[in-house]
Every structure is written in structure tokens, then in C-alpha cells.
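A.B. asks: Would you be able to build a 3D model of this:
(chains A and B)
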Amino acid sequence: MSQADTSFVRRHMLPEAPPPVAETGILKWLRENLFSSTGNSLLTVASIYVVYQIVVASAPWVLNGIWISPSLSACREILDGEVGACFAVLTERWNQLLFGFKYPSGLYWRPGLAFILLFVCAAPLLFFKFIPSKFLVLTGLYPFVAYWLIWGGTIMIPVFALLGVLVGAYVYSKTVFASAGMAVIAGFTAALIFWILSGYITGPMANILALQPVESRDLGGFMINLMLGVVCISLSVPFGILLALGRQSSMPIIKWICVVFIEFIRGVPLITLLFVANVVLAYFLPPGSNFDLILRVIIMITMFASAYIAEVIRGGLAALPKGQYEAADSLGLDYAQSMQFIILPQAMKISIPGIVNVAVGLFKDTTLVSVISMFDIVGMIRGPILASSEWNGVYWELFGFAAVLFFITCYGISQYSQWLERQLQTDHR
Amino acid sequence: MTTATDPPNESFQLSQLIYDTRYRSYTFQFIALVLLIALFAYLGNNLVQNLAEQGQNISYGFLNEAAGYNINQKLIEYNSQSTHMRAAFVGVLNTLLVAFMGCVTATILGTIAGILRISPNWLVRKLMAGYVEAFRNVPVLIWILIIFTIMTAVLPPPSAFRGEDSASGMLFGAFAFTNRGIYLPAPIWGPGSSVVGLAFLASIFGAIYYRRYATKLLYDTGKLLPMVWPALVILFVPTILIYFILGQPITFDYPALAGFNFQGGIHVRGSLIALWLALAVYTGAFIAENVRAGIQAVDRGQTEAASSLGLRPRRIMSLVILPQALRIIVPPLISQYLNLTKNSSLAIAVGYMDVTGTLGGITLNQTGRAIECVLLLMLFYLAISLGISAIMNAYNKSIELKER
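C.D. replies: From the prediction side, this is the model:
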């Protein structure tokens, strides 16, 4: 006789029940990310309120914006008392905002072309992994082409400038075996002598392939900001490397020259250096010489940026393990070789985020030239545009435009640098 | 036949100056020094020639001459008959004022934003990221001008405060926000106010002593006294009691509309507010990133270890994470303070009379002594920069990890 078997074994699988509503999909996300605790819920509500206020305040203003109108008063008539922006100032003064108010209007294509070429020629450098390195020649030629396009004049000046650089590089490569430092000085001297000599040749050749010349003081608008940013950053990276190496040097005189220079420049605001460029530098130049203001500003901003970049690169050099230096020495490489092939490639890779930070900061600081009455984009807005009778009182549209322009550029640069860091990552994690 | 053990030939040849690493560095330094001296001699020679050509000289005598211009925002007595030196000093104080206010505000803003950037709340995180990116990627000059525009073009003129049903009202009847600046009540120190001040000073020491006592008690016996509210009571109650016992010695001078403008109270100009706010919010965005990086650099195991000890999240933050994060945060924080101080020279764009506006602006233009003015200006900023970094480096050393 068998006992009744009361145990129960399910024969069929139950159909899968859906997870509780609060544990899935958007509700789970909301609960975990926005309402995980009382404090968090309060924060969420407060943030929603802030966002709501921003949207309510700005949306009608932007959406009602007037894009075509000859002046602010006409704009207000069209709006008829409603809230709305007057973006017409941007369309009407577009060329002034970009090129300044004195650049010959028939020649806008030249800086425009230079701007497009900037991207074409910078691409081999920026995306060096994907573009064959022979295209780097384009990058090297760009400064001279851009100078010719923006300032005009005979093509002989940039050609001889380029030749001077080549002469300097040749002298460097022929003397570098003796001493890297002396080779740098020799290269500079050779280039300088070549430039001074070529000054006698280019004078009579002023009409060869000449574009209509444009005076430096006729430049303006966002063009100046971009120009100063690009020129000063590209010049200050090599100077920064030299200063950083000098500061690390075991030679006390070299070291102290670099230390004093770096600490002095980093201790004073850029404005005072611009004052130097504006009113003081002329005293230290040979009597009778007439340096462009823009050239003086480029010199001072480059000095400024070099000091900061030198500190960034010094950080990169210091972060390298000592073994790398010793390994380079034990291979029998001399100073220049070990720097060029072992130390600097690694140090520069470490320094990329820092250099980009300096670059972004410097590009933003180019707006400071408006203080010494140059008409960059901020100078244009504060001077000719806001002072004109048509557009007196259009603050938000103009400052907003300048802010957006800078935001796009700077955010773009920092995104590129993050991408570059990922590209250069050689350690596998 | 020579062998490898032969001593090197010690006779000195001139070519060794270039090819021998022992002597090469001397040669190189000598050349560099000569070039440097040549450069300075060249510049100095140019300077002398230029000055002679224009009939000028280098002299600081102008500092003792009457300045002849007015400064609207000043901390010390100054009028147009005062010397240029006095004007420069007013400017120096104004620079220090805005730099100090900016640093304090930027630290508070940056710390809050930095902590909120890693909050578990998605929306808050995104909002703070928006704040940081918006301010880090737009020039501070544009922010100063935008806030200055709000101060001058959006706020109502003093005349809007006139009458019974005026268009604008004063906040709490004491603060007036006008396009000419902000008017605040000014305290009037009556007789006996020093006693109140002393009492408050004593209360501060009392509160510090109480906290020390409570901490000691906690470590000795494990008994946890309440910390926050007794400290607040010690801090404020005696002072308020003495204030009323002495018959309210400190009164306030409220700004009031008189004629076309407000009279009385403290007048803070729009340029100062704009500069201060813009610098604080701009630098705050950078500090937020430093704070976030510092907190994230503390090992996750520290949080886990602290919570396995039974600490609550707020205690974990204040007792375990922040003290360690501080070590990483302080060095970049120092350079942010320096940047803020240097950026305060942008005051010249909104007409705030800091040292760049007085010494480097009006004094320079009036006397034409460009070299002297710019040199003094640079030396001042250099001294400030070196001073702040010396102080902060000393502080940094004191909180450094003591390794044995």
C-alpha cells in the first residue's frame, strides 16, 4: 500500500512574467536617475524649474527673431511690441563681423579662401594617421600662402620667407651633430641673415604676381581672432619646446634664462603684455623702424603662449620615467637624437591635453586685443556696430553671436583633442 | 701600439670646445650669455636713441604730481588733487578687492558645481556640464561685457523707483538695483558697537573651542555631542543679546531716492558687480572641473571601505573623500586664483578703476610715461602672483601627504 504522494512537481514551465513596471524601461531610468531619494527628487524639480525658466525666457525671443531689416527701429516696427530678437544685425553686418569694417569689400574672397585652405592644409597634421605624410608639405606651405592671400602684395615676400626657413633648417641639420643648442642658434642666425639680405632683393620685385596689398590696420573682425590664434599657437609650440628643454637643462645659465623668462611672463596678465606691444615696444625697436601693431601683438602673444606651453611640456618631460632617458643614452644617441626620437614624442603625447587647454585659452584671450583698440570681433561689436545709429542697443544678438562663435570653435578643438588622445593611446586597457 | 688602457691625451685643443662634451656646455653657455647681453645692449641702445630723439627720459617723478582725474569707486580717500601714486594705490586696492571677492565666490560656486557634476541625478549632472562647457569655451571678456550690459541696460534707472506705485521697488526696502549700480544699507557704528564686535569675536573663539571639545570628547569617550546647532547658538545668541542690551548701537543708513539719484547707503557700481560676477562664474567653471577631477581621482576603494565601516554618505564625503581629494585639488586651484587675479585686469573694458585702469590707463595717457607705468604695472602683478603662489604653496605643503 502506498501513501498518497502529496509532493508536487511542476511539469510545465510557467510563462515568463514581465518585470515589475517600476523595474523596467523608462520608469526604472527615471527612478534611478532622477528620483532615487527625497533630496534627489527636490533637486530634479528645482532643475526642471530652472530649465523651464530658461526656455520660457529665451524661446520666444529666438523663435520670433527678425532676420531681415535695415535697422533696429525697423526691426521693432516689424515685431510690433512682441518679444523677439533682431538677428538682422548679424545678416546686415555679417561681413563686418567677420572681416572688419575697412577690409576692401571686393577682396573678401581672399580671407575666405585662406579660411577654407586652413582646413585643407591643417588636415594632414590633424589626421596624420589617415592622410599620407607627404601631404604635410601643404601644411608647411600654408602660412606663406595665407599671408599672401590676406595681406596681398608680391608673392616674392612669402617665397623668400619660406626660403629663409629652409636655409635655417639646412644649417640646423648640418650643425646639429656638434651641439643641438648651438645648431638652433646657428639655424636662427642663418635664417635671419637670409631674410635681411633678401629684403634688398624683394624691394625691386614688388610687382611680380602681386595681389592688391591690404594694410594690417585694415584687418578686423573674427578674422583677427582666428589669425592671432592660429599664428601664435603654431609659433609658440616650437618656442615652448625649446624653453621647456632649456628649463630642464643641466647648464645653469641656460636654465636660469628660461626660468626667469617663463616665470615673468606667467606672472603678468596678457593685457600688460598687449600694452607693451601697443605703447612700449616701439621704444625698443631701432629708431625709424615702423613695425605693424599686429606684428608687435603677434610677438607678445607668442611670448605669452610659449611660456605656458613650456610649462605644460615640462610637465610631460617630468612625467616620463627616468629609464627612458637612460635607455636613450645607453643606445649611444646624442642629446638631439635622444630628444627627437625617444623623449619628445612621448612627452608631447602626454602634453596634448595641456597644450590644447593653452590653445583654447589663448584663442579666447585674442579678444583682449579689443582693449588696445584693435577691431577684432569684440572690438567691432563694441565700436563700429553698437555705435552706429542703426544698431545702437542690439546687445544680446551681437554678444550672443560672438559667444556662440567662440563656443563652437573652442568646443570643437577640445573634442578633437579628446579624439586625438584616444588615437594615440598605446597602452591596452 | 696603443692599448685601450692608455690614458686619453690630456693636451687641450681648441676643437674640444665644440666636440668634447666636457667643454661644450661651457662654450654654449658662453655664447648664449654673449647673445643675451648683445640683445639687451641692442634694445637698450635703441631705447636711449628713441628717448633722446623724442626729448624724453625715464623718471618716476610724475608719481608725485597731482593726478587731476576722479575715481568713482574707491576704498580710501582720494580726490582729483591727489597724486598719481595715490591713484595707483586706489587702483591696487580695487584690484585686490575684486580679486578677493571673485576668488571666494568662484570657490563656492566651483565646489558646488563640481560636486553636482558627479551627482547621481542625471538632470543635475547635465545642467552642470552645460554650465561648465558654456563658460569654459567663451572668452571671459564677452561674459564681462554681457553681465555689464545686464547691469547697465536691463536694470531700471533710479527714476523708476519714484512715487507710490513706481515701476520698480526696492528689495526689502533696503536694496536698490539700478542701472547706475546697486545701493546697499551702510552700517553706522554708534557708541558701544565695539563691544558688540568684541562679543562676536569672542563667540567665534567660543564656537571653535566647543568644536574642539566635542571632537576630543568623541575620540576619548565615544560620546557624540551635536555639532552644528550648539555652535550656531554660541556664535549668534550672545552677540544678539548684547546688541539689544546695549540699545542697538549699530544702525543702518538706508539708501533713499533724493533728486535724480539714490543717496546714502553703500553704492556699488555696475562695473564692479559685472567684473566680480563674470570672473567668479567663469573661474567657477574651471574650479568645478578641478574639484570633479580631484574627487574622481580618489580611489573607489576608499568609498567602499568607509561605507563598510558604517559611515553615512555625507560623512564619507566630508571625512574620507574630501580630505584626500583636497590634496589633488589645491595645486590647480592656486593657478585658478592666479588666473582670476590676472583676468581682473580686464576691468579696463568696463571702466572699473583697478590698477590697470588707473596706472596703466588714465595715468599712462595723461603723462605719456608708457615705459614707467607699464613696468610698475607688471611688477605689481608679478609681486601678487609670486605672493599668492608662495602662500598657497606653503598651505599645499601643510596638507601634503606626510610620507615616511
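A.B. asks: near chain A, which residues of the stretch 101-250 of chain B show up?
C.D. replies: Contact residues, the stretch 101-250 of chain B versus chain A (CB under 8 Å from any CB of the partner chain): B:119-124, B:127, B:133-134, B:136-142, B:145-146, B:149, B:153. The way it works is simple: take the backbone N, C-alpha and C, and place the C-beta from them, glycine included.
A.B. asks: same thing but 7 Å
C.D. replies: B:120-124, B:127, B:133-134, B:137-139, B:141-142, B:145-146, B:149, B:153 (CB under 7 Å from any CB of the partner chain).
A.B. asks: Would you list the buried entries among those?
C.D. replies: Among these, those classed as buried by 16 or more other CB atoms under 10 Å in any protein chain shown are B:121-124, B:127, B:133, B:137-139, B:141-142, B:145-146, B:149.
A.B. asks: Break down chain A into its strands, ranges please.
C.D. replies: Using DSSP state E, chain A contains no strands.
A.B. asks: buried set for the longest helix anywhere in chain A?
C.D. replies: Longest helix in chain A by number of residues, with DSSP state H as the criterion: helix A:395-424. Using 16+ other CB under 10 Å as the test for burial, helix A:395-424 gives A:395-403, A:405-407, A:409-411, A:413-414, A:417, A:420.
A.B. asks: swap in stretch B:314-333?
C.D. replies: Quick answer for stretch B:314-333 (16+ other CB under 10 Å): B:316-317, B:320-322, B:324-326, B:328-330, B:332-333.
A.B. asks: And stretch B:236-254, end to end?
C.D. replies: Stretch B:236-254 stretches 24 Å from its first residue to its last (CA to CA, to the nearest Å).
A.B. asks: who's in contact with stretch A:134-144?
C.D. replies: The contact list for stretch A:134-144, computed with CB atoms under 7 Å, 6 or more residues apart in numbering or on different chains, reads A:117-118, A:121-122, A:124-125, A:158, A:161-162.
A.B. asks: Would you mind trimming these to those in range of chain B?
C.D. replies: Applying CB under 7 Å from any CB to these, none is adjacent to chain B.
A.B. asks: farthest-separated two in those residues?
C.D. replies: Distances among those were taken as CB to CB; the most separated pair is A:Pro124 and A:Ala161, at 20.8 Å.
A.B. asks: For the buried ones among the residues of the stretch 101-250 of chain B next to chain A, give me CSV that also has distance to A:Cys86, pLDDT and secondary structure.
C.D. replies: Shown next, in CSV, are those (distance: CB to CB, whole Å; pLDDT from 0 to 100; DSSP: H, G, I helix; E, B strand; the rest coil):
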residue, distance to A:Cys86, pLDDT, secondary structure
B:Asn121, 38, 85, coil
B:Trp122, 36, 87, helix
B:Leu123, 33, 88, helix
B:Val124, 34, 88, helix
B:Leu127, 29, 90, helix
B:Glu133, 27, 92, helix
B:Asn137, 25, 92, coil
B:Val138, 21, 92, coil
B:Pro139, 23, 92, coil
B:Leu141, 23, 92, helix
B:Ile142, 19, 92, helix
B:Leu145, 18, 91, helix
B:Ile146, 17, 91, helix
B:Thr149, 15, 88, helix
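A.B. asks: Any chance of these in a markdown table with distance to A:Phe135 as columns?
C.D. replies: What follows is those, written out as a markdown table (distance: CB to CB, whole Å):
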| residue | distance to A:Phe135 |
| --- | --- |
| B:Asn121 | 48 |
| B:Trp122 | 44 |
| B:Leu123 | 45 |
| B:Val124 | 46 |
| B:Leu127 | 43 |
| B:Glu133 | 33 |
| B:Asn137 | 30 |
| B:Val138 | 33 |
| B:Pro139 | 33 |
| B:Leu141 | 37 |
| B:Ile142 | 36 |
| B:Leu145 | 41 |
| B:Ile146 | 42 |
| B:Thr149 | 46 |
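A.B. asks: Quick one: name the residues of the stretch 51-200 of chain A near chain B.
C.D. replies: The stretch 51-200 of chain A has residues A:178-179, A:181-182, A:185 near chain B, with proximity defined as CB under 7 Å from any CB.
A.B. asks: how many neighbours does A:Ala183 have?
C.D. replies: Using other CB atoms under 10 Å in any protein chain shown, A:Ala183 has 18 neighbouring residues.
A.B. asks: Test my guess that it contacts A:Tyr172.
C.D. replies: Yes - using CB atoms under 7 Å, A:Ala183 is in contact with A:Tyr172, at 4.9 Å.
A.B. asks: okay, now the domains of the chain?
C.D. replies: Defaulting to chain A. Chain A breaks down by automatic domain parsing into domains covering A:18-63, A:219-429.
A.B. asks: meant chain B actually
C.D. replies: Using automatic domain parsing, the domain ranges for chain B come out as B:19-53, B:62-160+B:173-185+B:269-404, B:186-253.
A.B. asks: Indicate which one of these is closest to A:Ile309.
C.D. replies: domain B:62-160+B:173-185+B:269-404 (14.7 Å).
A.B. asks: For the stretch 251-400 of chain A, which segments count as helices?
C.D. replies: Remark: helices assigned in the stretch 251-400 of chain A by DSSP state H, counting those that start in this stretch are A:252-267, A:270-275, A:281-284, A:293-319, A:322-330, A:335-338, A:344-365, A:377-380, A:386-387, A:395-424.
A.B. asks: what sits up against the second one?
C.D. replies: What that stands for is helix A:270-275. Outside helix A:270-275, the residues that reach it (CB under 7 Å, 6+ apart) are A:297, A:300, A:304, A:365, A:368-369, A:371-372, B:345-346, B:348, B:356, B:360, B:374, B:377-378, B:381.
A.B. asks: Now residue 67: closest residue in space that isn't a chain neighbour?
C.D. replies: Picking chain A for this. A:Phe87 (5.1 Å; CB to CB, 6 or more residues apart in numbering or on different chains).
A.B. asks: switch to chain B, that's the one I care about
C.D. replies: Computed as CB to CB, 6+ apart, the closest residue to B:Ala67 that is not its neighbour in sequence is B:Ala87, at 4.4 Å.
A.B. asks: same check, this time on B:Leu232
C.D. replies: B:Ala207 (8.0 Å).
A.B. asks: Tell me how far that neighbour lies from chain A.
C.D. replies: 27 Å (CB to the nearest CB, to the nearest Å).
A.B. asks: Tell me how many other residues surround that residue.
C.D. replies: By other CB under 10 Å, the residues close to B:Ala207 number 17.
A.B. asks: repeat for A:Trp29
C.D. replies: A:Trp29, neighbours per other CB under 10 Å, totals 11.
A.B. asks: Distance of it relative to A:Ile377?
C.D. replies: Here A:Trp29 is placed at a distance of 42 Å from A:Ile377 (CB to CB, to the nearest Å).
A.B. asks: Same question for A:Ser330.
C.D. replies: According to CB to CB, A:Ser330 stands 53 Å off from A:Ile377.
A.B. asks: Look through the stretch 151-300 of chain B and state the residue closest to chain A.
C.D. replies: Per CB to the nearest CB, B:Ala153 is where the stretch 151-300 of chain B lies closest to chain A, at 6.1 Å.
A.B. asks: Sweet, I'm off.
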